[in-house]
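> coords please:
(chains A and B, ligands or ions: 2)
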Amino acid sequence: MKLEIKNVTKTFREKIAVNNFSMKLKPGECVGLIGPNGAGKSTLIKVIADIIDPQAGEVLLNGKKISKMKREIGYLPQYPNFFHWMTAKETLTFMGQLSGLQKKELTISIPEILTKVGLKGEENSKVGTFSGGMKQRLGIAQALLHKPSLIIMDEPVSALDPIGRREVLNLIEEIKKDTTILLSTHILGDAEEICERFVIIKNGTKIEDTTITELLNRNSKNKIYVEITAKDQEWIDVVKKLPFVEEIEVIGHKVKIIVENIDKNKNVILENALEHEVDIVKFEIHNDTLEEIFLKLVVGNE
Amino acid sequence: MNKFIVLLKKEFVQMLRDLKVIWLPIVFIFLGITQPIVTYYLPSILGALGGGQGITIDPSMTAQKGGEVLAATLGSQFDQLGFMILVISMMGIIQTDKANGMLAFILTRPVTVISYIAGKIVSNYLIAAFSVTIGYFVSYLYVNYLFTDVSFSHMITALLFYLVWVLFIVSFTTMISTIFNSQGIIALISIVFLIGCRIIVGLSPVIDFVNSASMSKHAMEVLISGSVNSKAIDNALVTLFWIVLILFVINYWIANKKVNHE
Ligand SMILES: Nc1ncnc2c1ncn2[C@@H]1O[C@H](COP(=O)(O)OP(=O)(O)O)[C@@H](O)[C@H]1O
Ligand SMILES: [Mg+2]
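Ligands and ions are numbered 1, 2, ... in the order given. Model prediction:
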């Protein structure tokens, strides 16, 4: 289903948690909401889940107010909590019935979903005895149980160990085929793995809405990375004087050279180095990693 | 309606698991027995202690009518220790769900706030009414055995009046539990307010008219005098009005998501 977030603003007393935030999700799209801690991800997600009312703006699912469309939403809170006296099966029965599922359907779908999230064999254990990772899985199970057409997940894998993280990522990969997904994370790698598109939020404001490929293309291929030996340090001064070199950064024996036009300039630099009989250890075109781009976006431009 | 049943069932299972369905009736049975037993044996206990020297025992005490003793069960046991235990057992009714996020979580489902509140109040009222009734009934049996008989119809009429007051207690505590976040504060406010209501009964007819605690007095009057005060019905209607108002406040508070603002 199509999700529209229109100019949502949410303040807590004088603190602005979400600031005039808008975005649209096409049906079937998977979007990662990325931002550092305190960026406003959970607040925005709670507004979408209709847990808190924004001061301004609205959230529409297929053009209808989200509060009228709860049947279509699966929500995983950042810290899922359940009634500790219920068993896993009772929890899912309870949540499933609240979503309008019949008991008959549930006797079939609950064992299925428990197997899917890796909680098989725990159906009759009390939720109070569950570890954080198990609660997370149960949280995912309840979000998927009623086959919603929009799933919103607040940091679904941040609290998991590497194995659990792997399993949950695979699970999301699987449901991605037939659901619109919005998930938040402060770890870029997680979003990168599942979602092609991601939205970066900082101090409550959307600062980027892009795809991984676009971001990589935009931010790369203007840097040359040369590693030289100690005896060739003076060559750096020669390079600095070249007209097309914009910036140079030296870290030990590594030299980062930013040039005007990488395609034209890279061979000139290489020739220049050979002319000066530089002992080249490494010569490469450097692409910023997503992590570097992300850090630049989030830490920079205050 | 369907969701209401699901929520109601969940409340009952929870009460079954934490044994509230057992201990709350036991508390009221105990309170119900206390009044007739103590009233009956106190004179002889005092007599034995005093060794029969000089202590004069008020003769009216030994010759109390059954209706008076049963009324005292309501007035001196249920309206004091009884209702404090009731309030304390319910102080977390909404507050716990707020504190652990379950209220917000439940409301992400297609569930109306009304069915959530109704599930809470109906279940808690049923267990409270059941406990009060069973305690009262045991008291009635003891009274009839130890004192003069109380007519069955008076006993039932008084119980019905009293249960209206119990419904007010349950609703009021639920409202306070919705608005405040600390169990101590919730218990304190509920107990002080409800005891206050109970204490001022009889001070002024105008206040009595709007005071739900008067229902307890009307119940006692039926038992003592054997006649129904014509104001009792009016008072019951006013109490129902208060309860509707309370439900409205709870619904407003939750539906406007005030509970999430901490
Ligand atoms: N209930 C609240 N009361 C006051 N401030 C809050 C509340 N919830 C969140 N905030 C503030 O709003 C900002 C965004 O929080 P949050 O949405 O939880 O960030 P994230 O999930 O991205 O880590 C933070 O500065 C946080 O302190
Ligand atoms: Mg968060």
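> surely B:Ala129 meets B:Leu163?
Yes. Counting by Cβ atoms under 8 Å, B:Ala129 does reach B:Leu163; the two are 5.3 Å apart. C-beta here means a position set from N, CA and C on the backbone, and glycine is covered the same way.
> mind listing the strands in chain A by residue range?
In chain A, the segments counted as strands under DSSP state E are A:3-12, A:15-25, A:30-34, A:56-61, A:64-65, A:73-76, A:150-154, A:180-185, A:197-202, A:205-211, A:223-228, A:245-251, A:254-259, A:280-286.
> Tell me which of those strands lies nearest to chain B.
Nearest to chain B among those is strand A:73-76 (4.7 Å), distances taken as Cβ to the nearest Cβ.
> That closest one close to ligand 1?
No. Strand A:73-76 lies apart from ligand 1 when judged by Cβ under 6 Å from any ligand atom; the minimum separation is 13.2 Å.
> quick one: least confident helix or strand in the chain?
As the question left the chain open, I've gone with chain A. Taking mean pLDDT, DSSP states H and E as the measure, helix A:290-299 is the helix or strand of chain A with the lowest mean score, a mean of 76.
> my question was about chain B
Scoring the helices and strands of chain B by mean pLDDT, DSSP H and E places helix B:59-62 at the bottom, with a mean of 52.
> how close does A:Ser125 sit to A:Leu145?
Using Cβ to Cβ, to the nearest Å, we find A:Ser125 at a distance of 18 Å from A:Leu145.
> okay, those two: which has more neighbours?
Ranked by neighbour count (other Cβ atoms under 10 Å in any protein chain shown), A:Ser125 and A:Leu145 place A:Leu145 first, with 22 against 14.
> So for that one, what pLDDT did the model give?
The score at A:Leu145 is 94. That number is its pLDDT.
> Verify the stated contact: it with A:Leu98.
No. The criterion here is Cβ under 8 Å, and A:Leu145 misses it with A:Leu98 at 10.4 Å.
> So which residue is smack in the middle of the chain?
As the question left the chain open, I've gone with chain A. Nearest to the mean C-alpha position of chain A, by Cα atoms, centre = their mean, lies A:Ala191 at 3.3 Å.
> if you could check chain B rather than the one you did, that'd help
B:Val166 (3.5 Å).
> Am I right that that one is in a helix?
Yes. The assignment for B:Val166 by DSSP: H, G, I helix; E, B strand; the rest coil puts it in a helix.
> That one: what's it in contact with?
By Cβ atoms under 8 Å, 6 or more residues apart in numbering or on different chains, the contact set of B:Val166 is B:Leu86, B:Tyr125, B:Ala128, B:Ala129, B:Val132.
> What parts of chain A come near ligand 2?
Counting by Cβ under 5 Å from the ion, the residues of chain A close to ligand 2 are A:Lys41, A:Ser42, A:Gln78.
> change it to 8 Å
By the rule Cβ under 8 Å from the ion, the part of chain A lying against ligand 2 is A:Asn37, A:Lys41, A:Ser42, A:Thr43, A:Ile45, A:Gln78, A:Asp154, A:Glu155, A:Ser184, A:His186.
> Read off the pLDDT value for the residue nearest to the second one when sequence neighbours are not counted.
It refers to A:Lys41. Leaving aside its sequence neighbours, A:Lys41 sits nearest to A:Ser184 (Cβ to Cβ, 6 or more residues apart in numbering or on different chains; 4.0 Å). Per-residue confidence (pLDDT) for A:Ser184: 95.
> Then A:Asn301?
Looking at A:Asn301, its pLDDT stands at 52.
> Check B:Gly47 too.
76.
> Which residues belonging to the longest helix along chain B are considered buried?
Determined from DSSP state H, the single longest helix within chain B is helix B:113-146. Burial within helix B:113-146, assessed by neighbour count using 16 or more other Cβ atoms under 10 Å in any protein chain shown, is assigned to B:113, B:115-129, B:131-136, B:138-140, B:142-144.
> follow-up on the earlier one: can you list the strands of chain A in a markdown table and add distance to A:Glu292 and mean neighbour count?
Shown next, in a markdown table, are the strands of chain A (distance: least, Cβ to Cβ, whole Å; neighbours: other Cβ atoms under 10 Å in any protein chain shown):
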| stretch | distance to A:Glu292 | mean neighbour count |
| --- | --- | --- |
| strand A:3-12 | 28 | 18 |
| strand A:15-25 | 24 | 18 |
| strand A:30-34 | 14 | 25 |
| strand A:56-61 | 33 | 17 |
| strand A:64-65 | 40 | 11 |
| strand A:73-76 | 30 | 24 |
| strand A:150-154 | 26 | 24 |
| strand A:180-185 | 17 | 24 |
| strand A:197-202 | 14 | 22 |
| strand A:205-211 | 14 | 15 |
| strand A:223-228 | 11 | 19 |
| strand A:245-251 | 13 | 12 |
| strand A:254-259 | 12 | 19 |
| strand A:280-286 | 10 | 13 |
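> Make CSV from the ones you listed and add distance to B:Phe152 to it.
Shown next, in CSV, are those (distance: least, Cβ to Cβ, whole Å):
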stretch, distance to B:Phe152
strand A:3-12, 59
strand A:15-25, 63
strand A:30-34, 67
strand A:56-61, 59
strand A:64-65, 56
strand A:73-76, 54
strand A:150-154, 59
strand A:180-185, 64
strand A:197-202, 70
strand A:205-211, 72
strand A:223-228, 96
strand A:245-251, 96
strand A:254-259, 97
strand A:280-286, 94
